[in-house]
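In: any chance you can model this:
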Amino acid sequence: MIFDFISGLITPKEKKFYPLFEKATSNLMVISKTFQEFIQSEGSHQHELYKKIEHLEQVGDEVTIETYREVLATFLTPLDREDIHALITAVDDIVDAIYGTSKRIMLYRVSPKLPNIQKHAEILVKISQDIHQLMIELRDLKDREKMKKLIDNLKEAEFESDNSYEHAIAELFDTETNVGLIFKKREIYSYLEKSVDYVENVAIVFETILAKNA
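Out: A predicted model of the protein is given here:
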């Protein structure tokens, strides 16, 4: 029994971490798609989608906390501890920013049909799919070229989002005359932009993992 206990401590727990990674990115895909539906809805349906986004944010937090606990409980991890921590945190940051954007739309009672916001939502949906695929590839790290391409996709999407954000802010100042609404809408855009900015952190972690496992 003692031997089994010690063996369990020193044996890498790959089976614990990879399902958690993929659960986190599956949740990211769902919340991204739900946000895309949310900004096209109104009334009670919009409220229902917001409650779903709120629940998905909580799911993301639970997966993140569970991953942290597994890192502390596992003697040998399949990846460096700091990389596991950084990876799961970066994914959770994106989820939190999507939730933060949705929450401010509801709190400020602003129509979600803002200039360029649909473009941002489309970028988030595509990003979430690429991140999930990267997580799947992480299990064996065999198709490195595919992973590098997916990482490049994330960087391109982040650049595209920056351009979209700048155009949206410019249009906001050109068309909105209510100062209060300008501040509210700018904060909404700011949270939405954060959701894509955090993607750069995800890309950096994956690049680090590839470099360490060359």
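In: so which elements touch the helix ranked longest in the chain?
Out: Scanning the chain for the longest helix, with DSSP state H as the assignment, gives helix 179-212. Helices and strands touching helix 179-212, by 3 or more C-beta pairs under 8 Å, 6 or more residues apart in numbering; DSSP states H and E, are helix 81-107, helix 117-137, helix 144-175. Where C-beta positions appear, they are placed from N, C-alpha and C, glycine not excepted.
In: closest to G43 out of these?
Out: helix 81-107 (12.1 Å; C-beta to C-beta).
In: what's the pLDDT at the residue nearest to E66 when sequence neighbours are not counted?
Out: Nearest residue to E66, sequence neighbours excluded (C-beta to C-beta, 6 or more residues apart in numbering): L20, at 6.2 Å. Looking at L20, its pLDDT stands at 96.
In: is it true that L20 touches G60?
Out: No: counting by C-beta atoms under 8 Å, L20 stays clear of G60, with 11.3 Å between them.
In: these two: which has the busier surroundings?
Out: Per other C-beta atoms under 10 Å, whichever of L20 and G60 has more neighbours is G60, with 26 against 17.
In: hmm, back to that, got the helices and strands packed on helix 179-212 as a markdown table, with distance to K51 and mean neighbour count columns?
Out: Output for the helices and strands packed on helix 179-212, formatted as a markdown table (distance: least, C-beta to C-beta, whole Å; neighbours: other C-beta atoms under 10 Å):
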| stretch | distance to K51 | mean neighbour count |
| --- | --- | --- |
| helix 81-107 | 10 | 21 |
| helix 117-137 | 18 | 20 |
| helix 144-175 | 26 | 15 |
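In: out of those helices, the one nearest Q36 is which?
Out: For those, the distance to Q36 is smallest for helix 117-137, at 4.1 Å, taking C-beta to C-beta.
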